[in-house]
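Undergrad: what follows is a predicted protein model with its sequence.
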2 protein chains.
Amino acid sequence: MVSWKNLDTLEAYHSLAETKGSVKLSEVMQGESGALRVAKYSLPMAGGLTYNYAAKNVDDSILASLAALAKEAQLSEKFQELYNGAMINLTEKRLVLHQLTRGQLGDAVIADGRDKRAFYKGEQDKIADFARKVHSGEIVNEKGEMFNTVVQIGIGGSDLGPRAIYLALENWAITNKTLKMEARFISNVDPDDPVGVLRQVDLAHALFIVVSKSGTTLETLTNESFVKNALEKAGLDPSKHMLAVTSETSPMARNSGYLAAFFMDDYIGGRYSTSSAVGGAVLSLAFGPEIFARLLKGMAEEDKLSAVSDPLRNPAMLDALISIYERNVLGYSVAAVLPYSQALSRFPAHLQQASMESNGKSVNRFGEPMNYQTGEVIFGEPGTNGQHSFYQLLHQGTDIIPLQFIGFKKSQNEEDVEVKGSTSQTKLCANVAAQIVAFACGKDDENPAKCFAGERPSSIIIGEQLTPEACGALLAHYENKFMFQGFLWNVNSFDQEGVQLGKVLANRVLEHNTDGALKAYADLFGI
Amino acid sequence: MVSWKNLDTLEAYHSLAETKGSVKLSEVMQGESGALRVAKYSLPMAGGLTYNYAAKNVDDSILASLAALAKEAQLSEKFQELYNGAMINLTEKRLVLHQLTRGQLGDAVIADGRDKRAFYKGEQDKIADFARKVHSGEIVNEKGEMFNTVVQIGIGGSDLGPRAIYLALENWAITNKTLKMEARFISNVDPDDPVGVLRQVDLAHALFIVVSKSGTTLETLTNESFVKNALEKAGLDPSKHMLAVTSETSPMARNSGYLAAFFMDDYIGGRYSTSSAVGGAVLSLAFGPEIFARLLKGMAEEDKLSAVSDPLRNPAMLDALISIYERNVLGYSVAAVLPYSQALSRFPAHLQQASMESNGKSVNRFGEPMNYQTGEVIFGEPGTNGQHSFYQLLHQGTDIIPLQFIGFKKSQNEEDVEVKGSTSQTKLCANVAAQIVAFACGKDDENPAKCFAGERPSSIIIGEQLTPEACGALLAHYENKFMFQGFLWNVNSFDQEGVQLGKVLANRVLEHNTDGALKAYADLFGI
C-alpha cells in the first residue's frame, strides 16, 4: 500500500531544503565544468528526444536528495497504483486511465464490467475505420461528395490539446503528403468565434465533431446549435455532417442527430483526453489513423519511461522533482515553456491548462490545508519570437523564472534559406543554445543596464524533428510530469472543483436571480 | 523640472504600505456595499469603454493614498515631459514619441531638424495614398492584377501589436464590409513559419511588408530572403511585391528592391509602434486607411485622458497605481489579462511584450540597483475558454493573481443563437460578471475541496462593442499604463538591454566561436 503524505512531512524534503543556494549556475556552467554537465545531465526520452537538465540548480548531491524524495514519496508506486486502476481521483471517486488509451503498463483494468484498454482500443478502431471511409469516399455528404474539412467543437480539454497537436503536425503532414482534411476548432461561447471559423469553412464539405464528455457543456451545445443553424440555412442536413465524441451515458450518445458517435468515459479527464477519442477523431480524420497511431506510439513509449522507478532514468519524474525544488525550495512561482518550433505555437496553452488545472489546488487530496505552495503559473510563446518580446524580463527582471526550452535539429519542412552563411534552422538552434548559456551565466558589464545577473535555470528537451512520435512523447512527458508533481504536493491532480462557482453564478445571472455586486455587474452588461 | 526618484524613497509609498490588508474583498463586495462599489469605482475611457475597479483592494482612503503617490511621483509632469519631447529614454539617448503618431498633446516636438508630428502624419498620408491605390487597382502586380493579400514580415514589436489588432478587427471588418485584403504574418526564424504561411498565400496577388527599424533584424532579413526566393521561384518580380517599413537611415530605405518604403524613427520603440507605419501599413492595406484612422482616433482620445493629472479621472494612471499596489505592497508577481472576446485572442501576447519588455528591469533609469520588485509576468487567454483551463489555479491555487477582464456588451458580428433562453453573447457577458464576483467573494462549503477563499482582485474594462475606436483606446490605455508603472518604479521603460546577450552568444555559435557549455549545446544541435 502506498501512503499519501504532505510534502513537508517527508524527511527527504527537509534535507533537500538545506541544499538551497549550493549550486551557482554562473559558476558550474562555466568552461569545462559546463561542458561536462551538458554531457552528463542528460536523459533519453521516447520519439528521439533527450531531456537535458545541465542548466538547472542541481548537482550529484541534490540529485541524490531528489531521488531520496522520489523514493520516500513513493512516486513510482503511486503511478503503479494509478495505471493498475486504483481510485486515484478521490474527490470524484474515479479511476484515472488516460494512459490506457495508448498502451497497458500493468494489470488489466476492469471497471464498469469491462476491460478498459479493450474499450479505448475499440473506439480507436471504430474511429480509424470511420476515418478511412471518409478518406476513401465511402462516407460522403448528401450529394455524394467527399468531405475536405473537419471542425472540432469543444472547449477546455476538448479543444486545447487536440488543437495544439493539430497545429504541431499540420505542416509536417502537408510536407509528408498525409494531410487528409484541414481541421478547424470552435471553442468560445463568444458568437464571434463560430462566425469567424465558419467564414473559413466550406460547409457542404465539412464534418463537425461535437465533443463533450457529459453531453451537457453549455458552450459546446451552444456552438453545436450555431453550426446546425448554419448548416440548415445552407440547405444541408446536420445529421449528415455531425459526429459526437461523448460518454456512453450522455444525451449525445446513440442519438440519430449524429452520423457517428465515439466514446470515452469518466476515467479520462478533459485535459488528459488528447489520446482518447477526444483527440483521436479529429486527428485521425485530419492526418489519417496511421499518423494518430504514431502519436500514440510515442506516448506509450514515454509512459513506459515514466514507469521506471529510478528518477535518474525517468525524465518526467526528474522534471517534476526539479520543478518542486524550484517551486518549494527556491521559491519560484512561475515557469515558462519556450518551444523553438513555430509548429508548437499553441503547445504552451495546452500545458497551461494541463498543469494549472491539475495542480492549482489549496487543499491536499484529503481536503486538508497545506503549508506549502502548489501549482505554478505556466506561460510561453515560441522562440525566437519570445526573444523579441518578454525575454527582457526573463533576463533582467527582478524575479527568477525557471525555463524549459524545446528544440529540434531539423525543421519539419524541407525548404530553408541560407543568409549570412547559415540556414534559418541553424540560426534557430544557435539561438536556443545561446539563450541557455546567457540565462545561466549572465555577463558583467561596467554599464549596470547591460549587466546580466545570470542564475536563471533552464532545461531543454531536444529532438531530431517534430514527428508524430516526438509529439506524442512530449505530450505524455508533460502529462506524467504534472501527475508526479501532484503526487509530491499530495493534491488530487484529476479534479477541478475550482471551475464550479463561476458556472453557478453565471447561471444565476442568466436566470436573473441576482443581487448586490452580481446584479450591478450584470446591469453593466445590460443583462 | 521633474525629479526621478526610486519608489521606496517616496513618502506616499510608505503610507500606502501601511494600508496593506485593510480592504477584504469578500466583505466589501457583499450585498449593497458591493453594488455601490460597482457604481462608484468606475471611470470613463475613450472608444465607449469604462474602467471599473470595484473588485480591487481599494477604498476611498487607499485611493487617496494612491493619488498622493501619483502626485509625489510627478506622474503627470513626467508624461508631460515625455510628450513635449524630453529625452526620457536615457540609456539610448532617445526621445519617446509614439503618442505623436496619433495626436499632439503638448508642444511641437522638433528633432533632427523637423517637426515630428508632421513627419509621422506625412508617412500616414503616404501609406493611405498607397493603400487607396492598391484597393482601387491603380497599383497592381506584374500582370496588371489586383492584390488580395498583405503579409507582414517582422518580429517582436513589428509583429505582435499589428497581428493582435488585425485579428481584433478582421471579423468586424468582414461584417462591416471593409476588409480590403487578408493579412498574414511571418515572424519566426524557424523556417516552418514562412513555409506554413506561404502555403496559405496566393503569391502572385500578395504584397509583403518587410518591417525592421534598423534594417538589420536578422530574423526579418532571413524571412525576407525566404519570401524573395519563393517569389522568384514562382516567376514573380520581388520588387513588385515588397514594401519596406524602416527608418530613413537604414539600408532598406530608398532601395529599388521595394515598391515603396514608409518610415518611422528611433523615437518609437518596437513595442509601441503599432500606431506608426509599422502597424499603419499592414492595417491600412487590410482594412482601408479610414479604419486605421479610427483606431488612431481612439488612441488619441485615450492619450488625452492619460494626460489628466488627477488619477481618479485618468484610467491608465489609476490602473498603473493599483498594479503597483498589488505588486509592491500586496506582493503579487503575476497578472492575467482575460478578454471575453475571441477577437482579442492575441491581445494578451502583445501586452506580454509591451509590459514585460518595458518594465522587466533590475536597475533604475540611472543604472542603480533598487530594493523592490519591478515588472510583473503577464499572461492571458480569452474567456470563456480560460474558465475551462487555468482558472482552476486562479480560483483555488495557493498564490493570488490579480486579474483584468475585458468585455463587450455586443459581439462584433450580427449572428447569434438562442439556446436555453439566452444568446451566446449574453452567456459570455453573464460569465464575466459571475467570475468577478466569484473571484472576489469566494464561497464556503463543508467540503474543503469545494471552498473558494475569494480575495482575488480584478478589474474590468467594459465596452459597447470592439470597434476600431475601442481597440485603439484599449491599446493606448495599456501603453500609457506601462509608462506610468515605469515612472513609479523609476525604470527606463523604453530600452531593452536584456535582449543583447542572447544575440551576441547566438552569433558566436553561428561563427563557431564557442567553448565550454555553449559549444556543448551547439554540438547537441549538430552546429
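TA: Great, that's in hand.
Undergrad: residue A:9 and chain B, how far apart?
TA: Remark: distance between residue A:9 and chain B (Cβ to the nearest Cβ, to the nearest Å) = 17 Å. Using the backbone N, CA and C atoms, a C-beta is placed for each residue, glycine as well.
Undergrad: give me the neighbour count for that residue.
TA: Residue A:9 has 12 neighbours, counted by other Cβ atoms under 10 Å in any protein chain shown.
Undergrad: for the stretch 101-250 of chain A, which residues are neighbours of chain B?
TA: Where the stretch 101-250 of chain A comes near chain B, counting by Cβ under 8 Å from any Cβ of the partner chain, the residues are A:155-157, A:159-160, A:170-171, A:174-175, A:187-196, A:199, A:218-219, A:221-223, A:225-226, A:229.
Undergrad: what comes up buried for stretch A:162-172?
TA: Applying a neighbour-count criterion of 16 or more other Cβ atoms under 10 Å in any protein chain shown, one finds A:162-172 buried in stretch A:162-172.
Undergrad: what are the C-alpha coordinates of it, in PDB please?
TA: The C-alpha coordinates for stretch A:162-172 follow below in PDB (Å, rounded to 0.1, in the frame of the first residue of the first chain):
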ATOM      1  CA  PRO A 162      -6.200  18.400 -29.900                       C
ATOM      2  CA  ARG A 163      -5.700  22.000 -31.400                       C
ATOM      3  CA  ALA A 164      -2.100  22.100 -30.200                       C
ATOM      4  CA  ILE A 165      -1.300  18.700 -31.700                       C
ATOM      5  CA  TYR A 166      -3.100  19.500 -34.900                       C
ATOM      6  CA  LEU A 167      -1.100  22.700 -35.300                       C
ATOM      7  CA  ALA A 168       2.100  20.800 -34.300                       C
ATOM      8  CA  LEU A 169       1.700  18.400 -37.200                       C
ATOM      9  CA  GLU A 170      -0.300  20.300 -39.900                       C
ATOM     10  CA  ASN A 171       2.700  21.400 -41.900                       C
ATOM     11  CA  TRP A 172       4.600  18.200 -41.200                       C
END
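Undergrad: quick one: low-confidence parts of chain A?
TA: Nowhere does chain A drop to pLDDT under 70.
Undergrad: quick check, residue A:290 in a helix?
TA: Yes. Judged by DSSP: H, G, I helix; E, B strand; the rest coil, residue A:290 forms part of a helix.
Undergrad: which residues sit in contact with it?
TA: residue A:178 (Cβ atoms under 8 Å, 6 or more residues apart in numbering or on different chains).
Undergrad: that one and residue A:440, how far apart?
TA: 41 Å (Cβ to Cβ, to the nearest Å).
Undergrad: equivalent analysis for residue A:15, please.
TA: Residue A:15 is 25 Å from residue A:440, by Cβ to Cβ.
Undergrad: what does residue A:221 give?
TA: 49 Å.
Undergrad: equivalent analysis for residue A:471, please.
TA: Counting by Cβ to Cβ, the gap from residue A:471 to residue A:440 is 28 Å.
Undergrad: what does residue A:515 give?
TA: 55 Å.
Undergrad: please work out which residue of the stretch 401-527 of chain A is closest to chain B.
TA: The nearest approach of the stretch 401-527 of chain A to chain B comes at residue A:517, 3.0 Å away (Cβ to the nearest Cβ).
Undergrad: same check on the stretch 1-150 of chain A?
TA: Taking Cβ to the nearest Cβ, the stretch 1-150 of chain A has residue A:34 as its residue nearest chain B, at 2.9 Å.
Undergrad: what helix or strand does that residue sit in?
TA: helix A:31-40 (DSSP states H and E).
Undergrad: can you list the neighbours in contact with that helix?
TA: With Cβ under 8 Å, 6+ apart, helix A:31-40 has contacts from A:27-29, A:52, A:54-55, A:437, A:440-441, B:515-521, B:524.
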